[in-house]
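Enquirer: sequence plus the predicted model coming up.
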Amino acid sequence: MCILCDRRRTSGAWNSRRGFLKVAAAGAAMAGGASALFGPGIASANDGRDDSDGRGPEFSGQHGRRYLIRGGAVMSMDPAVGDFVSADVLVEGKKIVAVGRGLAASGIPVIDARGRIVMPGFIDTHHHQFETALRSFLADGLLINDGSNTPSGNLTYYENILLRLAPVYRPQDVYISELFGGLSQLDDGVTTVHDISQIHHSPQHSDAAIQALLDTGRRAAFGYFEGAGLTHGAGYAYPQDALRIKQKWFSSDDQLVHMIMGGEVYLGAETYSQAWTIGRQLGLQVAAHILSPFGIRPILDQLALGKGGVNGNIGIGPDNLFVHMTGMSDMAWQRVRDAGAQVSLAVPIEMNMRHGMPPILKMQSLGMEPSLSVDVECTLTADFFTQMRSMMNMQRLMVNQMTLDPGFASGNWWPAPPAGVPAPLTTRDVLRYATVNGAKHLRLDKKVGSLTPGKEADIIILDAQSLNVAPLNHVPGAVVSLMDRTNVETVIVAGKVRKWKGRLLDVDLRRLRQQLEDSRDHVLAAAGITQDLFSPN
Ligand SMILES: [Zn+2]
């Protein structure tokens, strides 16, 4: 059966919100652009590679296999490639071969992207996926008990998630949380993650985390951090197990998952010296949470002076990736900038859990740009539309108020911005943070982050005809200001279709959800916590 002919005859379904996969007739001229695809006879051929199985182009991502994404509004995020009201993206194997108008598609599968936005997948540079089983458990909580005896001050992250719950995780708990959280973000269009898995209580825990990242089938940096709340005991092998892990799992650069070394400075000079030294010997990036509490500010100052660690000789370098950077000194900031270190901001979490003011204005004043990160789903969603909107709105709140404030004294109620107040962020700015910057901050910018020929094909196709978006008037604005997970129609990682027409492929979500619930039950019980859906404690 020709699915194309059948749909056209029976339903006139060309206006359907879902695209159809078509196989162009061999030899059909495609140079006329998208409209040529629907000319007489062109789509009548059917060699079995149609969409009757609901999976998209057959063998996508495999060596030599080509398909064309036809007629979408293409936002490449690469200034040299540009934007197109309507263009095509040609994919072969893992890579993008061409981006442009009217690309030839003879005999290869075609994804109809008309009415859709085609752009690079989102990149999350800091996420604790092992906490997926604890989603929304800490929806009201702060970072640390503040003695206030309030609902927020009592059920806190440090005491409950890290010290109480993390230590009872078994390797199988790590695996299912990592897998389920990763699939969930894949469904949301986040094609790359830096998973800061602070759950390395044994080499078996580490291997379970890595296996889950591989099984998720998306791009990831495996962040090898400590085992939260349990930093000693039989089998505890952080940080020295990094050597085994690197050799066992990450001997090749040509794979979807690579390794980053965790080097938390709050673990003390001896441990972080060891971690940073091992990471640098292995040629890995060295990542760390840097934030107001836990006495981190004076430690970062020492590192900024090149006098950190037990021997007073460790400094900040271009290999550092710092998360949050709330409450740090001007001197340390200057050094972070001069060294070329990267900074990831988790704006919703920073605002919610008392990390301090997200330092976007500081970064703008230094000519730096952040990447974005979701941090913890025990408190907030890992959705990237939320990330982009939060960053834009938080920055605008600050600069708008800084602009209005001087007017109150003068009686001018709509003054011009004072000197030194940064421009309000635009939708394009936060899209850059969410794609290109994320790739750069994970050392993946040669591979992904934009729709550039030669890069790997990490592509999302977003429905711009749906009830919450139509009519399409502004492509960056539609994505940042209007969209949510329901608009993420198709997700492609390294050329392979992983979500097709709104459905994740190759996963049994019912079975995985059961495993996640079983794991949640074990973790809570082992930590001595009685489940209470309306008042966790
Ligand atoms: Zn974090």
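Expert: Perfect, I can see it now.
Enquirer: avg pLDDT for the longest helix along the chain?
Expert: With residue count as the measure and DSSP state H as the assignment, the chain has helix 384-410 as its longest helix. Taken as a whole, helix 384-410 carries a mean pLDDT of 95.
Enquirer: how much space separates the one residue sitting closest to the centre of the chain from N487?
Expert: Most central in the chain under C-alpha atoms, centre = their mean is D124, positioned 2.3 Å from the mean C-alpha point. Taking C-beta to C-beta, to the nearest Å as the criterion, D124 is separated from N487 by 18 Å. From N, CA and C alone the C-beta is placed, and that goes for glycine too.
Enquirer: repeat that for L509.
Expert: Using C-beta to C-beta, L509 is found at 20 Å from N487.
Enquirer: so which of those two has more stuff around it?
Expert: Summary of the neighbour comparison: L509 and N487, criterion other C-beta atoms under 10 Å, with N487 having more neighbours (24 against 14).
Enquirer: for that one, what are its contacts?
Expert: 462-464, 466, 468-469 (C-beta atoms under 8 Å, 6 or more residues apart in numbering).
Enquirer: name the element K248 belongs to?
Expert: Under the criterion DSSP states H and E, the helix or strand holding K248 is helix 242-249.
Enquirer: after that helix comes which helix or strand?
Expert: Once the chain leaves helix 242-249, the following helix or strand, as judged by DSSP H and E, is strand 257-262.
Enquirer: who are the packing partners of that following strand?
Expert: helix 203-216, strand 219-224, helix 242-249, helix 269-281, strand 286-290 (3 or more C-beta pairs under 8 Å, 6 or more residues apart in numbering; DSSP states H and E).
Enquirer: mind running it again at 6 Å?
Expert: For strand 257-262, the packing partners by 3 or more C-beta pairs under 6 Å, 6 or more residues apart in numbering; DSSP states H and E come out as strand 219-224, strand 286-290.
Enquirer: and the closest residue to S206 other than its chain neighbours, how far is that from H522?
Expert: Spatially, and ignoring its direct neighbours in sequence, S206 is nearest to H200 (5.0 Å; C-beta to C-beta, 6 or more residues apart in numbering). Counting by C-beta to C-beta, the separation of H200 from H522 is 19 Å.
Enquirer: more crowded one of the two?
Expert: When H200 and H522 are compared on other C-beta under 10 Å, the one with more neighbours turns out to be H200, at 30 against 16.
Enquirer: correct me, but that one touches L230?
Expert: No - applying C-beta atoms under 6 Å as the test, H200 and L230 come out as separate, 9.5 Å apart.
Enquirer: for the nearest residue to G420 once chain neighbours are set aside, what are phi and psi?
Expert: On the basis of C-beta to C-beta, 6+ apart, the spatially nearest residue to G420 that is not a chain neighbour turns out to be S365, at 7.9 Å. Its backbone dihedrals place S365 at phi -70, psi -30, with angles given as degrees, to the nearest 10.
Enquirer: then D124?
Expert: Dihedral pair for D124: phi -100, psi 120, per degrees, to the nearest 10.
Enquirer: three-state assignment of the residue lying closest to it once chain neighbours are set aside?
Expert: Computed as C-beta to C-beta, 6+ apart, the closest residue to D124 that is not its neighbour in sequence is V193, at 4.7 Å. Counting by DSSP: H, G, I helix; E, B strand; the rest coil, the backbone at V193 sits in strand.
Enquirer: quick one, what contacts V193?
Expert: With contacts taken as C-beta atoms under 6 Å, 6 or more residues apart in numbering, V193 has the following neighbours: 124, 127, 220.
Enquirer: what would those residues look like in CSV with distance to V99 and pLDDT?
Expert: Rendered in CSV, the data for the contacts of V193 read as follows (distance: C-beta to C-beta, whole Å; pLDDT from 0 to 100):
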residue, distance to V99, pLDDT
D124, 24, 98
H127, 29, 98
A220, 25, 98
